[in-house]
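Novice: task: produce atomic coordinates for the following.
(one chain, ligands or ions: 2)
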Amino acid sequence: MARSRVVAVLSQKGGAGKSTLVMQLAGGLAKVGKKVAVGDLDPQETALRWAESAPAEQPFPARVQSLAAAGDLPAAIRGCGKGCEVLLLDCPPSIESPATLAALQVADVALIPVVPSPTDLWSTRAVEKLVLHVQAGRKGLKARLVPNRVVRTNLAWDVLEVMRDFALPVLGAALSQRNAYAQSAVIGGSVYQLGRAGAEAAREVNMLVAEVLKLTGER
Ligand SMILES: Nc1ncnc2c1ncn2[C@@H]1O[C@H](COP(=O)(O)OP(=O)(O)O)[C@@H](O)[C@H]1O
Ligand SMILES: [Mg+2]
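Specialist: Ligands and ions are numbered 1, 2, ... in the order given. Just a heads-up that it's a prediction; the model follows:
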């Protein structure tokens with residue numbers, strides 16, 4: 001089997017939506033038939049707990065493994081991705097963390113969720129600097145900002161405008177502020193399992209998956 005594509009999801013701030021993005025992407029990629037694994041690099045183990053909340057009769061559609069305590073991070077990440085087509089890495093909320101740096105060293109794609117608020121914009125500048133630094137040595141690394149918790153207010157639109165001035169491009173898909181995203185954590189699944197209550201969110205995740213598959217070069 002070909003080497004798995006690695007998608008790292010990182011941000012400087014907690015609450016930007018890293019774990020949400022990872023788990024919805026895992027659900028969406030599995031739905032289009034991809035073999036997905038999730039490596040949880042955050043000591044808070046949100047992704048792991050999320051998957052463990054799933055009922056036995058409907059397990060989370062991807063293998064989720066905590067790598068937070070791993071000694072040899074590159075080896076642990078490689079092991080976690082074995083046998084899967086896409087490996088999603090949920091990073092801790094720190095760009096100084098060795099785990100975030102290790103993820104960027106192996107990633108094909110880096111996704112940076114950004115809540116359209118001024119404070120998130122400021123912290124995104126620091127993430128961008130780090131990613132551009134890594135890209136200088138790893139030309140193959142693609143990176144995108146992903147608007148998350150988007151609401152239809154003037155402030156949010158202004159911030160989205162400012163995001164277009166970043167050196168890193170903005171992904172052509174975004175997640176709105178929706179209960180379905182939080183709700184799916186409660187059931188240990190993704191928005192696809194929420195039926196009609198998750199229909200709008202599922203449409204957004206479909207678009208997210210399509211954009212990510214374009215970046216990883218998968219069909
Ligand atoms: N698009 C969204 N709509 C509604 N709630 C969201 C959305 N994205 C994230 N959240 C909520 O925000 C909180 C933080 O999200 P999380 O994914 O855990 O962030 P991070 O992993 O970056 O710390 C969680 O309670 C999550 O349910
Ligand atoms: Mg998290």
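Novice: Tyr192 belongs to a helix, doesn't it?
Specialist: Yes - counting by DSSP: H, G, I helix; E, B strand; the rest coil, Tyr192 falls inside a helix.
Novice: can you give me the separation between the residue of the chain found nearest ligand 2 and Arg78?
Specialist: Residue nearest to ligand 2 within the chain: Ser19 (3.3 Å; CB to the ion). Where C-beta positions appear, they are placed from N, C-alpha and C, glycine not excepted. Separation of Ser19 from Arg78 (CB to CB, to the nearest Å): 22 Å.
Novice: what about the two, which has more around it?
Specialist: Remark: of Ser19 and Arg78, Ser19 carries more neighbours, 26 against 16, as counted by other CB atoms under 10 Å.
Novice: from Arg149, how far out is the residue lying closest to that one once chain neighbours are set aside?
Specialist: Among residues not flanking Ser19 along the chain, Thr46 sits closest, at 4.1 Å (CB to CB, 6 or more residues apart in numbering). The gap separating Thr46 from Arg149 is 16 Å, by CB to CB.
Novice: which of those two has more residues huddled nearby?
Specialist: A count of neighbours by other CB under 10 Å puts Arg149 above the other of Thr46 and Arg149, at 21 against 18.
Novice: tell me the contacts of that one?
Specialist: For Arg149, the contacting residues are Gly17, Val115, Pro116, Leu175, Ser176, Gln177, by CB atoms under 8 Å, 6 or more residues apart in numbering.
Novice: now for Arg203, which secondary structure element holds it?
Specialist: helix 199-216 (DSSP states H and E).
Novice: quick check: mean pLDDT of that helix?
Specialist: Averaged across helix 199-216, the pLDDT comes to 98.
Novice: what lies in contact with it?
Specialist: With CB under 8 Å, 6+ apart as the test, helix 199-216 has contacts from 5, 7, 21, 24-25, 27-29, 31-32, 86, 108-109, 111, 142, 144, 146, 171-176, 178, 180-181, 184, 190-192, 194, 219.
Novice: now with 6 Å, please.
Specialist: Defining contact as CB atoms under 6 Å, 6 or more residues apart in numbering, one finds that helix 199-216 is touched by 5, 24, 28-29, 108-109, 142, 171-173, 175, 178, 180, 191-192.
Novice: among the residues you listed, name the ones in strands.
Specialist: Judged by DSSP state E, the contacts of helix 199-216 include Arg5, Val109, Lys142 as members of strands.
Novice: what residues sit buried inside the lowest-mean-pLDDT helix or strand in the chain?
Specialist: Every helix and strand in the chain was compared by mean pLDDT, DSSP states H and E; the lowest is helix 154-163, with a mean of 89. Residues of helix 154-163 classed as buried: Ala156, Val159, Leu160, Met163 (neighbour count, 16 or more other CB atoms under 10 Å).
Novice: pull the CA atoms of it into CSV?
Specialist: Output in CSV follows, covering the C-alpha atoms of helix 154-163 (Å, rounded to 0.1, in the frame of the first residue of the first chain):
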residue,chain,number,x,y,z
ASN,A,154,-20.1,42.1,10.2
LEU,A,155,-17.2,41.5,12.5
ALA,A,156,-16.8,37.9,11.3
TRP,A,157,-16.9,39.0,7.6
ASP,A,158,-14.3,41.7,8.3
VAL,A,159,-12.0,39.1,9.9
LEU,A,160,-12.5,36.7,7.0
GLU,A,161,-11.5,39.6,4.7
VAL,A,162,-8.3,40.2,6.8
MET,A,163,-7.5,36.4,6.6
